[in-house]
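In: how would this look folded up:
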Amino acid sequence: MTTLHINLPDEQIFHQLEAIARKERVSVDEVIRMLLFRFTAEHRTASEWADKPGHDKNDVIDEMAGSWSAQDAEEFERNTAPFREIDPELWH
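Out: From the prediction side, this is the model:
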């Protein structure tokens, strides 16, 4: 086994990895191993991922991790908004 230390340029990336880990019920390390395995198995470089039509280099992790599209995220937020409302009658 080899140890790899990763300096993430943005804390948001780590939070996204944590969210994936919670969803998949695995550790963040396991998510990173899965992403690296998938990335290397595809034999694609970051540029090749980003060169796909409609992608930019900042979206590589989203493509690899299977993130939602902006439209899907907006629909989810819209559909779950009522769950974030507080019923004042329950809190008096």
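
In: and the next element down the chain from the helix or strand containing His15?
Out: Following DSSP states H and E, one finds His15 within helix 11-24. Downstream of helix 11-24, the first helix or strand assigned by DSSP H and E is helix 28-41.

In: one step back: what is the helix holding His15 packed up against?
Out: helix 28-41, helix 60-65 (3 or more C-beta pairs under 8 Å, 6 or more residues apart in numbering; DSSP states H and E). Heads up, the C-betas are built off the backbone N, CA and C, glycines and all.

In: Now the weakest link among these, please, by mean pLDDT.
Out: Here the lowest mean pLDDT among these goes to helix 60-65, at a mean of 57.

In: next structured bit after it?
Out: helix 70-80.

In: Could you tell me the average pLDDT over the helix holding His15, please?
Out: Here the average pLDDT along helix 11-24 is 89.

In: by how many degrees do that helix and helix 28-41 diverge?
Out: Orientation of helix 11-24 against helix 28-41 (axes from the mean of the first three to the mean of the last three C-alpha atoms, to 10 degrees) gives an angle of 100 degrees.

In: Report the buried residues of helix 11-24.
Out: Gln16, Leu17, Ile20, Ala21 (16 or more other C-beta atoms under 10 Å).

In: Not counting sequence-adjacent ones, nearest residue to the third one?
Out: It stands for Ile20. Using C-beta to C-beta, 6 or more residues apart in numbering and skipping residues adjacent in sequence, the residue nearest Ile20 is Val31, 5.0 Å away.
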